[in-house]
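**Q** Quick one, structure for this:
(one chain, ligands or ions: 3)
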Amino acid sequence: MDVSKLRRRSLRAGIAVPLSVALLLLLALVYPGLALPGSTFEGSDGNLVVNTAGNTDWSNAPNRVRGDDVPSGTGDNAFGQGTKEDDENVSVVTGSIPPNKSDLTRFYVANEFANNSNYLYLAWERSNVLGSANMDFEINQKTQPNLTTTGPKTLNRTAGDLLITFDFTNGGGNPVLGLLKWVTSGPTSQCFSRNALPCWGNRVNLSAAGFAEGAVNTSTVDDPIAGVSLPGLTFGEAAVNLTAAGVFGSTCEAFASAFLKSRSSASFPAEVKDFVAPRPVSISNCGTITIHKITENGDSTFDYTTTGALTPATFSLSNGGTRTYSDVVAGSYSVTESAPPAGWTLKSLECTATGDGTSVTPSDATASITMAGGGTVDCTYTNHINLKPTIATKLSAPAPTTRRMPAPRPSPTATCPTPTRSPSTTRGPSTGRPSTAATPTTTGPPAPARARSWSSTKTSPR
Ligand SMILES: [Ca+2]
Ligand SMILES: [Ca+2]
Ligand SMILES: [Ca+2]
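**A** Ligands and ions are numbered 1, 2, ... in the order given. Below is the predicted model:
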């Protein structure tokens, strides 16, 4: 082998090693601690604690909501009378959970906006150890009826409500996650199971599409939130990219309620049994931007331009005015004040932001905004104009008006320019003029020699 071949081979080897290291580093960046791409939530590691620094898990989940079931046994509430997922009219009973079916104890729901996507995180816990787990999370736009009392109930469903199915067979590897939306109009072919509207339809296999990941614990893990220890197969979790799954798009959606149910088998039309009653949640892809206007020493009309497809794209405000954009889809925006009218300057632009993932950066006349679902941004533009000097006109005013006092002061007598009535003159110089020591509380000249000079104090430029 000649020297040049040896060189090429060693060169290739020299490149190959750093490339493989770089690939591993890239994979580590893309999948930090078993999280869905774009999210740092550890939604498929089968536990509730953070294992990789900088990540989140249930112990520090964003916007976490917890629902607890009533204790297991004869008092535990469940669906009865053969209730199935497609039923809006359901029956709540107690003590009817079959001993061989999942007895739920708790659920968690969390959500966040990260890397231009809305993520939903779900977890369930159960008290018994069974091979299969068939759980459904129902997420509604409207508040649900009280399911903690027994009897017939009507679920308050709206077109577009979500049902996220979680099916796991022991030994079957990772759970299979599905997404169905509540359908109220159109052809019945949309329905996943039932042959009539309304129904759960348009099922998406989230796992196959790569929109979701999940896991069930294979050994005992701790729940630091509820303070319990969870034996293997009694905890399941999932992370779903709602934006990728098409739940959130260019229109505003908001969900206000979530609850957990157990299906009696992997079959979708199987009876639903135990449930954990609905809890209020706030899952939305929209926020609010509010712009306020304040002017000093007068008023005028100020123009604004925006970016990010806010509607209207431009607007104008005068003193005390407000512009509110209440349905701002998560994304990037900016608001800029145009050059102010003659004589006016932009004194300040002050902004605040609330909500995970929502931020605002004021710079000169522009507020740069990153809006996340449920976020609010509030900005105030303050403009200033110097008062025009009007001393000349005031000086020509009739003498009687110039003898009026300026605005009331804590020590009005000390500022009165009439020497004979002012107590301060007793301490003043023999000229009879008011003592200068008495004047600092006023905004006028320190030694008003003539009464009419006081009128100028009202018009001093600031
Ligand atoms: Ca986890
Ligand atoms: Ca973890
Ligand atoms: Ca229950």
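**Q** so what's the residue of the stretch 351-462 of the chain at minimum distance from ligand 2 scoring on pLDDT?
**A** Closest approach between the stretch 351-462 of the chain and ligand 2, counting by C-beta to the ion: Asp356, at 19.2 Å. Yep, even glycine has a C-beta here, placed from its N, CA and C like the rest. For Asp356, the pLDDT comes out at 83.
**Q** Quick check: it touching Phe113?
**A** Yes - at 7.1 Å, Asp356 and Phe113 qualify as touching, with contact defined as C-beta atoms under 8 Å.
**Q** which neighbours do these two share?
**A** Jointly contacting Asp356 and Phe113 under the rule C-beta atoms under 8 Å, 6 or more residues apart in numbering are 372, 375.
**Q** Looking at the two, which is more packed in?
**A** Phe113 (28 against 14; other C-beta atoms under 10 Å).
**Q** where does that one sit relative to ligand 2, distance-wise?
**A** To ligand 2, Phe113 is 21 Å away according to C-beta to the ion, to the nearest Å.
**Q** Also Asp86?
**A** On the measure of C-beta to the ion, Asp86 and ligand 2 end up 35 Å apart.
**Q** Not counting its neighbours along the chain, what's nearest that residue?
**A** Arg194 (4.3 Å; C-beta to C-beta, 6 or more residues apart in numbering).
**Q** Go ahead and list the helix or strand containing the one you found.
**A** Element membership of Arg194 [criterion: DSSP states H and E] is none; it lies in no helix or strand.
**Q** and Ser219, how many neighbours does it have?
**A** Per other C-beta under 10 Å, the neighbour tally for Ser219 reads 10.
**Q** ok, and the closest non-adjacent residue to it?
**A** In this structure, Ser219 finds its nearest non-sequential neighbour in Gly232, 5.0 Å apart by C-beta to C-beta, 6+ apart.
**Q** same deal with Gly343?
**A** Of all residues not flanking Gly343 in the chain, Ile385 sits nearest, at 5.0 Å (C-beta to C-beta, 6+ apart).
**Q** residue contacts, that neighbour?
**A** Ile385 makes contact with 295-298, 300, 343-345, according to C-beta under 8 Å, 6+ apart.
**Q** again with Ala78
**A** Counted by C-beta under 8 Å, 6+ apart, Ala78 has contacts 92-97, 273-275.
**Q** in a helix, that's where it is, yeah?
**A** No - counting by DSSP: H, G, I helix; E, B strand; the rest coil, Ala78 is not part of a helix but strand.
**Q** Ligand 2 versus that one, what's the distance?
**A** Separation of Ala78 from ligand 2 (C-beta to the ion) stands at 31 Å.
**Q** Could you number the chain from 58 rather than 1 from now on?
**A** Noted, 58 is the first residue going forward, which turns the last one into Ala135.
**Q** element containing Val417?
**A** Using DSSP H and E, Val417 sits in strand 416-420.
**Q** in its sheet, what does the very next helix or strand once past that strand sit against?
**A** On the C-terminal side of strand 416-420, the closest following helix or strand by DSSP H and E is strand 423-428. Applying DSSP bridges, strand 423-428 is found paired with strand 388-394 (antiparallel), strand 416-420 (antiparallel).
**Q** So, low pLDDT: which residues of the stretch 58-207 of the chain?
**A** 58-90, 156-157, 187-188 (pLDDT under 70).
**Q** Helices along that one, start to end?
**A** Remark: helices assigned in the stretch 58-207 of the chain by DSSP state H, counting those that start in this stretch are 60-87.
**Q** show me the residues around Thr206 that make contact.
**A** Contacts for Thr206 (C-beta under 8 Å, 6+ apart) come out as Val149.
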